[in-house]
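K.L.:
give me a model of this one.
(4 chains)
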2 protein chains.
Amino acid sequence: METPTLSRRDRERLMRRRAMLDAALVVFAQKGYEGATLDAIAERAEFGKGTIYNYFPDGKEEILFALFDEMFGGIATLIQTHFEEEAHQSQHAREAFRDLIARLLNHFTENRETFFLLIKEAQRLMLTQHDHVATLHRRRDRTIDALVAPIEHAIEKGELRAFPPQVIAHMLMGNVKGYLMYAHSECHPEDTHEFASLDEAAEFITSILFDGLLPRD
Amino acid sequence: METPTLSRRDRERLMRRRAMLDAALVVFAQKGYEGATLDAIAERAEFGKGTIYNYFPDGKEEILFALFDEMFGGIATLIQTHFEEEAHQSQHAREAFRDLIARLLNHFTENRETFFLLIKEAQRLMLTQHDHVATLHRRRDRTIDALVAPIEHAIEKGELRAFPPQVIAHMLMGNVKGYLMYAHSECHPEDTHEFASLDEAAEFITSILFDGLLPRD
DNA sequence: TCACTAGGTGACTGGCTGGTCATTTGGCGA
DNA sequence: TCGCCAAATGACCAGCCAGTCACCTAGTGA
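P.N.:
Sure thing, here's the model as predicted:
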């Protein structure tokens, strides 16, 4: 994973690109894609606007898709590494997925901007006719695909009911996103129920998803 | 529910307002709020742009919030009337909610634009700091509130596990939205599993939500 | 020290769009 | 038929912003 043979030039180039992407993520997450201005991104990254075009010749949209790439890549990696860990290979599916859900909640809590980008922009774009929607779907499907194998495995072991794995994967991710959406409605905290910790929240989501809402006798 | 004492003038006024809202809904759903132009809305509604300001003095945003009003109102009404019907009062919770889910799927399928507006814009706005976010939350909570009473009732009858009703309500709506999002990913139909009918899809969602993913012995 | 160049910069531009308002239209009462 | 007024209209304006490019800077090698 190291990048040993990289000239100072190239390293600096990468650093600058990084800085631009970091700045853009924050601005996009705050203002949304349309509401974000390149001037704001440039200012936050401490570059002139023109410089950004040296790194992202196609401008605003290229930056957005670079961020999507990183975002979905990050999620897919998180899922893959989770299931590669031996601990979770011997676990019962319910526990393995509960731990995964906890990790995902953690990931999105620590990377709040990533979560906002996912909800506000990726979601919106995927329901829009747009040249790059197909690309976007492919990126997202990497995260779904990372889930399918473990789900299939669990079904074979008889630890999961035999629904289409794709669909289960979507439901799982959907419920994590849904829970976080709910947790962010803290604008009017009177009504909202809050969990003490992310682990507790993960156990709750898992319980709904795996045990179901019906009382088990 | 009739409007008997309304002058022709007033009736025409309402008709025009309606036409504008209908046009705006389609344009917003297609292009998104930022991408939609008043010119496009005006053209679709077959009015001059200036005329729109006679009906919505505060312009674009007022139109958007009027649409949100109708949207959440419609969903809340659907839920309320569903549980007011005698048939569902005697049913077991699982069946009553399955039928509700089927109705919701139907509603969003028949009003595809409403669904897009909900996903693309309401979702986005609710995660944004904005003067009217509180208003928006209140509107959405009408739909949640309509669910809370039946859920509490079901819990009392021992037909549902005793989770916080608010949270269950959110999960339920979230799963309906999530399923529809998934069903709309039909861009690349190779992978996606499709249900033969909305009723079947409703039964599937219900089964996940109520019975859980674990095999029941 | 100087010439060269890679690349950073931000003033500028062209296109777009929300909102305005002077003008037109048409319905209605006299 | 005429005059009046409420309401419709769309040309116009002002502000905004993505993207450009002529200029500048600082690092380098001779």
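K.L.:
which of the helices and strands in chain A ranks last by mean pLDDT?
P.N.:
helix A:86-90 (a mean of 90; mean pLDDT, DSSP states H and E).
K.L.:
next secondary structure element downstream of that one?
P.N.:
helix A:93-110 (DSSP states H and E).
K.L.:
can that next one be found next to chain B?
P.N.:
Yes - counting by C-beta under 8 Å from any C-beta of the partner chain, contacts between helix A:93-110 and chain B involve residue A:94. For the C-beta atoms, the positions are set from N, CA and C on the backbone; glycine is no exception.
K.L.:
I'd like the distance from that helix to the chain centre, please.
P.N.:
12 Å (C-alpha atoms, centre = their mean, to the nearest Å).
K.L.:
now do the contacts for residue A:171.
P.N.:
Residue A:171 makes contact with A:209, B:175, B:178-179, B:208 under the criterion C-beta atoms under 8 Å, 6 or more residues apart in numbering or on different chains.
K.L.:
relative orientation of the helix or strand it falls within and helix B:165-183 in degrees?
P.N.:
Secondary structure assignment for residue A:171, by DSSP H and E: helix A:165-183. Comparing the axes of helix A:165-183 and helix B:165-183 via axes from the mean of the first three to the mean of the last three C-alpha atoms, to 10 degrees yields an angle of 140 degrees.
K.L.:
just give me how far helix A:165-183 sits from the chain centre.
P.N.:
Averaging C-alpha positions (C-alpha atoms, centre = their mean) puts helix A:165-183 11 Å from its chain's average.
K.L.:
downstream of that helix, the next helix or strand is which one?
P.N.:
Next helix or strand after helix A:165-183 toward the C-terminus (DSSP H and E): helix A:198-206.
K.L.:
what's that next one in contact with?
P.N.:
A:94, A:97-99, A:101-102, A:105-106, A:109, A:175-176, A:179, A:183, A:195, B:163, B:167.
K.L.:
any idea which of those is closest to DNA strand D?
P.N.:
Within the set of the contacts of helix A:198-206, residue A:109 lies nearest DNA strand D; the separation is 28.8 Å, counting by C-beta to the nearest atom of the strand.
K.L.:
so who does that closest one touch?
P.N.:
For residue A:109, the set of contacting residues under the criterion of C-beta under 8 Å, 6+ apart consists of A:115, A:180, A:198.
K.L.:
do you know the pLDDT at it?
P.N.:
At residue A:109, the predicted lDDT confidence score is 97.
K.L.:
and what of the one 3 residues further on?
P.N.:
In this prediction, residue A:112 carries a pLDDT score of 97.
K.L.:
same deal with residue A:31?
P.N.:
Per-residue confidence at residue A:31 stands at 97 (pLDDT).
K.L.:
same check on residue A:187?
P.N.:
Spelled out, the predicted local distance difference test score at residue A:187 is 55.
K.L.:
again, but for residue A:7
P.N.:
The per-residue pLDDT of residue A:7 was computed as 83.
K.L.:
picking that back up, which one of the contacts of residue A:171 is nearest DNA strand C?
P.N.:
Of all those, residue B:178 has the smallest distance to DNA strand C: 30.3 Å, by C-beta to the nearest atom of the strand.
K.L.:
please name the nearest non-neighbouring residue to the closest one.
P.N.:
Beyond its immediate neighbours in the sequence, the residue positioned closest to residue B:178 (C-beta to C-beta, 6 or more residues apart in numbering or on different chains) is residue A:174, lying 3.2 Å away.
K.L.:
also residue A:160?
P.N.:
If you skip the residues right next to it in sequence, residue A:160 has residue A:154 as its closest partner in space, 4.2 Å away by C-beta to C-beta, 6+ apart.
K.L.:
for residue A:46, phi and psi?
P.N.:
When quoted as degrees, to the nearest 10, the phi and psi of residue A:46 stand at phi 60, psi 50.
K.L.:
residues contacting it?
P.N.:
By C-beta under 8 Å, 6+ apart, the contact set of residue A:46 is residue A:19.
K.L.:
what number of residues lie near the closest residue to DNA strand D within chain A?
P.N.:
In chain A, the residue found nearest to DNA strand D is residue A:59; the distance is 2.4 Å by C-beta to the nearest atom of the strand. Other residues near residue A:59 number 11, with proximity taken as other C-beta atoms under 10 Å in any protein chain shown.
K.L.:
which residues touch it?
P.N.:
Residue A:59 touches A:38, A:52-53, counting by C-beta under 8 Å, 6+ apart.
K.L.:
ok, and which of these reach DNA strand C?
P.N.:
Contacts with DNA strand C within the contacts of residue A:59, as defined by C-beta under 7 Å from any atom of the strand: residue A:53.
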